[in-house]
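Undergrad: fold the following and give me the result.
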Amino acid sequence: MTSTAFRDHEEVAFFRDPHSGLKAIIAVHSTALGPACGGVRFHAYGNEQEAIDDVLRLSAAMSLKSALAGLPLGGGKSVIIGDPGKDKTPALLAAFGRAVECLGGRYIAAEDVGMSPSDIAIVGGETRHVAGLDQGPSASGDPSPVTARGVWRGIEVAVRHRLGRNTLEGMTVGVLGLGHVGGALAGLLSDAGARLVVADIAEERCRTVADRCGARIVDVDVLVGERLDVFAPCALGGILNAETVGQLEAPVVAGAANNQLADETIADALHARGILYAPDFAINAGGIVNVAAEIAGNYDRAAVMRRVDRIGDTLDEIFLRAAREGRSPHFVAVDLAQERLDAARAARQQTL
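TA: Alright, predicted model coming up:
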C-alpha cells in the first residue's frame, strides 16, 4: 500500500463481492481506547487510490475525535466505492455487513455521506456491530442534527475567542454544504440571529435554506472569498488548501466537514494569517458522542446533548493553549488527543 495517509493503522481490509458489486475498504486506525467506530462513506471516488487515502485519513481523524471527546472508542472508518444513487442495493449493503462481521467487533459501522439509518439497518442484518439505527432499545437515529449542535456550540466559542463576541446575533456565517449536517447547522445559526450566506452543489438545498432562514445564495466557488465573520465548511474534505486560504476573508473557520485541511501545512498558513481554525475532529464530534451513547446502551438524548455541549469547553481549552503557545489550534488538538491515546496504550500494555 502506498499512501502518505497511512499512519500507524492497526488494520486495513479490502473487500470485494462480485455478486453484489461491493468494493469496500475498512480501516481500523486505533483500538487503544476501545473498538474502532466510524461512519460508512458511500462515494464515487475517481480511483481506488483516492478511496484508500480518504479512508486512512478519516479513520485516523476518528481516533483523535473520540480521544478528545473522552469516549471509550477507537478510530475507524469505511468506504464503499460507487455511486450511491446508482449502485446501492440491499444485496450490496448486506455484503458490506458480512465484511464488517469479518472483523469480529474491532470495527463498528455508523452512518456517513451516502448512507442513511435505513441503510445501516440493512448492514445490521448481517452484523450486530452497527450504530446509528432508527429502531431498537437504544436506537439514536440520524446523528447529523447532533453533530450540527456541536458545531454550533463550537462556532460560539470560536467567535468569542477571535471576535470578542458572546453572541452570534448579527454575525455573517457562510455555510458550504447543506446536507444533513450543514442544513441543520444553518437552522441553528439562523435561530441564534446569524446572517447566512450559503452554497451547495444542489440548488434545491440552497433554496430550502434560503426560504427557511433568509439566507443569501452564492456559487460554491465564490463562498470562500465572501466577506464573512465565520466560514463553515460542511461538505467533503480538502476545502482548505494553498489557494483557498489565500482567498479567505473570514477571521474564523469552523465547520462540520471532516479533513478540512488539504495537509497539515495549511494549519500554519491559517495561523499566519490570523485566522482562527477550529480543528474539525474537535468541533464535529457530536455524531460520535451520539453513537457512543447508543453503543453503551440505555440511550438518553438529554444526556447526549449535555455532553455535546461540552464540545465548546474542549475548544475553549484548545484555543487558550494555542494562544499561550503561539501555535495553530490544529496542532494543539492533535497533541491533546495523542496524549490520551498514548496513555491508553501504555495502560493496556501494563495489563498484558
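Undergrad: quick one, strands of the stretch 151-300 of the chain?
TA: 172-176, 195-199, 216-217, 230-233, 252-253, 276-277 (DSSP state E, counting those that start in this stretch).
Undergrad: counting contacts, what elements does the fifth one pack onto?
TA: Counting contacts by 3 or more Cβ pairs under 8 Å, 6 or more residues apart in numbering; DSSP states H and E, the secondary-structure elements packed against strand 252-253 are helix 144-163, strand 230-233, strand 276-277. Every C-beta, even on glycine, is put in place using the N, C-alpha and C of the backbone.
Undergrad: what about it, distance to the chain center?
TA: Centroid separation between strand 252-253 and its chain, computed with Cα atoms, centre = their mean, to the nearest Å, is 16 Å.
Undergrad: give me the mean pLDDT for it.
TA: The average pLDDT within strand 252-253 is 98.
Undergrad: same thing with the fourth one?
TA: Per-residue pLDDT values over strand 230-233 give a mean of 98.
Undergrad: pull up the pairing partners for it, direction included.
TA: In the sheet containing strand 230-233, its partner strands are strand 172-176 (parallel), strand 252-253 (parallel), by DSSP bridges.
Undergrad: centre of the chain to it, how far?
TA: Worked out by Cα atoms, centre = their mean, strand 230-233 lies 14 Å from the chain centre.
Undergrad: who's in contact with that strand?
TA: 151, 155, 158-159, 171-177, 182, 185, 189, 194, 223-224, 239-240, 248, 250, 252-257, 260 (Cβ atoms under 8 Å, 6 or more residues apart in numbering).
Undergrad: for that strand, C-alpha coordinates in CSV please.
TA: What follows is strand 230-233, C-alpha atoms only, in CSV (Å, rounded to 0.1, in the frame of the first residue of the first chain):
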residue,chain,number,x,y,z
VAL,A,230,-17.2,32.8,10.0
PHE,A,231,-16.6,30.3,7.2
ALA,A,232,-18.2,26.9,8.0
PRO,A,233,-17.2,24.1,5.6
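Undergrad: next, the buried residues of that strand.
TA: 230-233 (16 or more other Cβ atoms under 10 Å).
Undergrad: so where's the stretch 1-150 of the chain uncertain?
TA: 1-5, 138 (pLDDT under 70).
Undergrad: how are the strands of it distributed by residue range?
TA: 11-17, 22-30, 36-43, 74-81, 107-111.
Undergrad: mind putting these into JSON lines with distance to residue 293 and mean neighbour count?
TA: Output for the strands of the stretch 1-150 of the chain, formatted as JSON lines (distance: least, Cβ to Cβ, whole Å; neighbours: other Cβ atoms under 10 Å):
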{"stretch": "strand 11-17", "distance to residue 293": "26", "mean neighbour count": "15"}
{"stretch": "strand 22-30", "distance to residue 293": "20", "mean neighbour count": "25"}
{"stretch": "strand 36-43", "distance to residue 293": "12", "mean neighbour count": "26"}
{"stretch": "strand 74-81", "distance to residue 293": "17", "mean neighbour count": "29"}
{"stretch": "strand 107-111", "distance to residue 293": "12", "mean neighbour count": "27"}
